[in-house]
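Novice: coords please:
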Amino acid sequence: MSIENRDDEDGEAGINPERIISAVRRRWRIAAGIACATTLIALTVALLIPNRYEAATTLQLDPRKKNVANLEGVVSDLNVDTAAIESEAEVIRSRQVLLKVIDRLDLRNDPEFHRPGLIERLALPLSSSEANAGAGKQVTEAADPVVPRRDEFATAFAQNLKVERVRNTLLIEIRFTAANPDKAALIANTIADVYINQQLAAKSDISESATNMLDGRLDALRKKVSDAETRVEAYKAEQNIFASEGQILSEKELARVMEQTVDARNRSAEMRARFERVKELKSSGRSTAAIADVLESHTVRLLKDKLAEASRRRAELATRYGARHPEMVKVRAELQDAERQLEGEIASLISNLENEYAEAAAREAELLAGLEDKKREEAKRRTASVRLNELEREAETSRQIYQVLLARYKQNAATQSLQLPDARIVEFADTPTQPAAPKRKQIVMLAAAGGLALGLALILALEFATSGIGRPEEAEGLLALEHISSLPRLDYANDEPGDPLRATRLMIAAPSSGFAEAIRSLRREIDVRQIEPGPRIILIAASLPGEGASVVASNLAHYYAQTGNRVLLVDADLRRSNLTRQLACRRSAGLAEALAGAVPPEHAILRDQLTNLHFLPATGGGPVSSGQAELLSSAAMPRLLGRLKSQFDTIIIDAPPLLPVIDTRVIADYADQIVFVMAWRRTPKQLARKAMKLLSVNADRIAGVVVNQVAADVLADDNGIELVSDKSDLEAGLAA
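Specialist: A predicted model of the protein is given here:
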């Protein structure tokens, strides 16, 4: 991957579990210290908090029907469901119940419920200023100072109360916390008792309200029923509607007339039939006996019997006597007399039959006329009955409502005081023996866990909250370069002026240190990446000052010199010349003079008798005649480097920072290998990528990146060994 292709990456690939574990292992003392501190603070606070005791009373909501004074529709039984149970819990927590408990137990002067909390104490100054600003509101509230005090007290009292449903049962648990265990139990039991009493009082109030409402309603209904019945009777009198034995008189009269008419019609038909038969027999000349049979009269029957007896006697005497015999004459006289009587009786009966027929016909006609009159009267009455039925229904409805409400009123009034609650206490609160708060063990454990979490968060913040890389291997992902070495951070590793035997000669002063081992590793990585054999120029560059590039260049050059190579260390930083001030305090000429042609380069090179290291200072101490960048980019620069390559095996150039000046980019064109140095946790990632972009033209010559000034514990964690950095050994080597 090229340097340009890494421009959009954030370089955070190093955030992984291994890095987190490593950070915790290196800085575990921070987390342990914070956890211990928070634990001690929490333990101290927990011991200072006074004990609080909690007592619990258990109520059961009873949904069963009550047989005593169960006024259905007036005071109904509790319909127990989730909403009802939650509602009852809120009733127990209500201010009305709490105020009654406070008054019953005379808790208003109890100091436990008068102590203001932290929020109230902080709010007092604000409340005072608001009270002064709102004078009108203050006057209004001062008119009744008792209500706010009661409300504030009840609020403080309610903070110690906890009302909860026990799982999915019908049980409600009332818990109260107080400083005194006996007081906690007493208050919890009193709350339950007040709630039950209030429930009974509420039922009695409802029943009393219903009784009063029914009483007022009954008076109105009573008058309404009386008015309705009066209208019914008045309408009956107006329409002549009277009843007897549950039946209207006009209907009874009509029925009676109809019966009489039917009887008269039947009798008239019978008389007419008999009369017409007799007339028919008489007009046809039939015998008197036939007519007598039609008449069916007892007298006629006796006369017929008498006539038959006379005829029998005549027939009997005719066989013994002659026609002139006195007995025969007598019999014939009797027979004639009987016939004459029979005919007279028949004539009389026919006349009577005709009269009866005429009377029956007249009676029938009279009854028919009366029936028609009754029918017309009944039709009028039935029309009036529609309105009468309406009035009677209205009166009956009012009467029924009145009777129902009257019965309910009497029942409710009689059983008003007989109420059963919908809840009962199943377990009274006992005096607690152990405090419920503070939970010291939990407080200490939570504080320890919180302190540990805070310490871990601080460790992670220290590990990741940096503009630079957190671990050396992150440089590969950040710059798309191979990480070839990590150098430990030492007290002497800096570019500031000071003792010339400090960090620039650590390879000589402490050859067995971890820093020296890192330099040896760096040389090998550079050597294996050498593109072409022969003399070479190694450029040591960094993005910003203070990243230790000069220290790396000096120690690398010393190590090459120790192994027998002809090595030249060049300080190409014509502006700052830190390496020159440290290694060559007394010099007469340097790179600037050689490039200007004032002296040959060989006259400016210094030699270390101990390591056989050759050093070309930046300047001779005087001002540079022309611009530094112009000197480095002049034609003399490649001629000078070519001349030096013929004399030395390895030329190591300590270049100025990449970002502030252009000098390093000019020198990079002549280098065979480039080593980029960045400081651990100091070099911002964005600036490091920007510096590498400046070297993009010579990207194929970059051997890799060196992470400098890495903490010893990070290197020990990565390598699995503790690096040697003994300051006493270093000072002994420098003294030698």
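Novice: can you tell me the closest non-neighbouring residue to residue 181?
Specialist: Once flanking residues are discounted, residue 181 sits nearest to residue 53: 4.0 Å by Cβ to Cβ, 6 or more residues apart in numbering. No exception for glycine: its C-beta is placed from N, CA and C like everyone else's.
Novice: name all residues that make contact with that neighbour.
Specialist: When contacts are counted by Cβ atoms under 8 Å, 6 or more residues apart in numbering, residue 53 touches 177-181, 184, 432, 435-436.
Novice: narrow those to just the buried residues.
Specialist: Among these, those classed as buried by 16 or more other Cβ atoms under 10 Å are 177-178, 181, 184, 432, 435-436.
Novice: mind putting those residues into JSON lines with secondary structure?
Specialist: JSON lines is the format used below for the buried ones among the contacts of residue 53 (DSSP: H, G, I helix; E, B strand; the rest coil):
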{"residue": "177", "secondary structure": "strand"}
{"residue": "178", "secondary structure": "strand"}
{"residue": "181", "secondary structure": "helix"}
{"residue": "184", "secondary structure": "helix"}
{"residue": "432", "secondary structure": "coil"}
{"residue": "435", "secondary structure": "coil"}
{"residue": "436", "secondary structure": "coil"}
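Novice: where is pLDDT lowest across those residues?
Specialist: Within the buried ones among the contacts of residue 53, residue 436 has the lowest pLDDT, namely 84.
Novice: now the closest residue to that one other than its chain neighbours, what's its secondary structure?
Specialist: Nearest residue to residue 436 in three dimensions, chain neighbours excluded: residue 54, at 3.6 Å (Cβ to Cβ, 6+ apart). Recorded secondary structure, residue 54: strand (three-state DSSP).
Novice: run through the bridge partners of residue 54.
Specialist: Taking DSSP bridges as the rule, residue 54 bridges to residue 177.
Novice: need the contact list for it.
Specialist: Under the criterion of Cβ under 8 Å, 6+ apart, the contact list for residue 54 reads 175-177, 184, 432, 436-437.
Novice: so what's the residue count around residue 94?
Specialist: 16 (other Cβ atoms under 10 Å).
Novice: ranges for the strands of this protein?
Specialist: Per DSSP state E, the chain carries strands over the ranges 53-61, 161-165, 171-178, 243-244, 247-248, 423-427, 483-488, 536-542, 567-571, 606-607, 614-616, 650-654, 673-679, 702-710.
Novice: mean confidence for the first one?
Specialist: The average pLDDT for strand 53-61 rounds to 90.
Novice: okay, buried residues for that strand please.
Specialist: Going by neighbour count (16+ other Cβ under 10 Å), the buried part of strand 53-61 is 53-61.
Novice: so which of these is the closest to residue 198?
Specialist: Nearest to residue 198 among the buried residues of strand 53-61 is residue 59, at 12.6 Å by Cβ to Cβ.
Novice: bridging residues for that closest one?
Specialist: Legend: beta-bridge partners of residue 59 under DSSP bridges are residue 172, residue 425.
Novice: tell me the spacing between it and residue 429.
Specialist: In this view, residue 59 and residue 429 are 11 Å apart by Cβ to Cβ, to the nearest Å.
Novice: overlap in contacts, these two.
Specialist: Residues touching both residue 59 and residue 429 (Cβ under 8 Å, 6+ apart) are residue 174.
Novice: make TSV out of the buried ones among the contacts of residue 53 and add distance to residue 278.
Specialist: Listed next are those as TSV, based on distance: Cβ to Cβ, whole Å:
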residue	distance to residue 278
177	123
178	124
181	126
184	122
432	124
435	130
436	125
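Novice: quick one: buried residues of stretch 606-625?
Specialist: Applying 16+ other Cβ under 10 Å to stretch 606-625 flags 606, 608, 611, 613-621, 624 as buried.
Novice: quick one: distance of that stretch to the chain centre.
Specialist: Computed by Cα atoms, centre = their mean, to the nearest Å, the chain-centroid distance of stretch 606-625 equals 78 Å.
Novice: what does it rub up against?
Specialist: Contacting residues not belonging to stretch 606-625 are listed as 508, 557-558, 561-562, 566-574, 577, 579-580, 583-584, 587-594, 596, 601, 604-605, 631, 644, 648 [Cβ under 8 Å, 6+ apart].
Novice: so which of these belong to helices?
Specialist: When DSSP state H defines the helices, the subset of these inside them is 508, 557-558, 561-562, 579-580, 583, 591-594, 596, 601, 604, 631, 644.
Novice: what two of the buried residues of stretch 606-625 are the furthest from one another?
Specialist: The span of the buried residues of stretch 606-625, defined through Cβ to Cβ, is set by 611 and 624 at 28.7 Å.
Novice: ok, longest helix in the chain?
Specialist: helix 326-414.
Novice: could you name the residue of this protein that is farthest from its center?
Specialist: What lies farthest from the middle of the chain is residue 324; by Cα atoms, centre = their mean that is 145.6 Å.
Novice: give the contact list for it.
Specialist: So residue 324 contacts nothing (Cβ under 8 Å, 6+ apart).
Novice: state the distance from it to residue 700.
Specialist: 200 Å.
Novice: so what's the residue count around residue 574?
Specialist: Using other Cβ under 10 Å: residue 574 sits among 22 other residues.
Novice: any idea how far it is from residue 340?
Specialist: 197 Å.
Novice: related to what we said a few turns ago, for the residue farthest from the centre of the chain, phi and psi?
Specialist: With angles defined as degrees, to the nearest 10, residue 324 sits at phi -100, psi 10.
Novice: now swap in residue 647 and tell me
Specialist: phi -110, psi -20.
Novice: how about the contacts made by the closest residue to it other than its chain neighbours?
Specialist: Distances taken as Cβ to Cβ, 6+ apart place residue 566 nearest to residue 647, at 7.2 Å, with adjacent residues excluded. By Cβ under 8 Å, 6+ apart, the contact list for residue 566 reads 614, 647-650.
Novice: any stretches of the stretch 601-736 of the chain with poor pLDDT?
Specialist: 622-627, 716-736 (pLDDT under 70).
Novice: 50 - rerun?
Specialist: Filtered on pLDDT under 50, the stretch 601-736 of the chain yields the residue ranges 720-736.
Novice: which residue ranges form the helices in it?
Specialist: Listed in chain order, the helices of the stretch 601-736 of the chain (DSSP state H, counting those that start in this stretch) span 601-604, 628-632, 636-645, 663-668, 685-694, 712-719, 727-735.
Novice: picking that back up, as TSV, the buried residues of strand 53-61 with distance to residue 385 would be great.
Specialist: As requested, those are exported to TSV (distance: Cβ to Cβ, whole Å):
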residue	distance to residue 385
53	82
54	79
55	76
56	73
57	69
58	68
59	63
60	62
61	57
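Novice: tell me the one of those residues nearest residue 99?
Specialist: residue 57 (18.5 Å).
Novice: my guess is that closest one contacts residue 194. True?
Specialist: No - counting by Cβ atoms under 8 Å, residue 57 sits too far from residue 194 to count as a contact (11.3 Å).
Novice: any chance of the contacts of residue 53 in CSV, with distance to residue 161 too?
Specialist: Formatted as CSV, the contacts of residue 53 follow (distance: Cβ to Cβ, whole Å):
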residue, distance to residue 161
177, 8
178, 10
179, 15
180, 16
181, 16
184, 11
432, 15
435, 17
436, 13
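Novice: most widely separated two among those?
Specialist: Maximum pairwise distance among the contacts of residue 53 (Cβ to Cβ): 12.7 Å, between 180 and 436.
Novice: buried stuff in stretch 644-662?
Specialist: Buried, per 16+ other Cβ under 10 Å, within stretch 644-662: 644-645, 648, 650-659, 661.
Novice: now flag whichever of those residues is closest to residue 226.
Specialist: residue 659 (112.0 Å).
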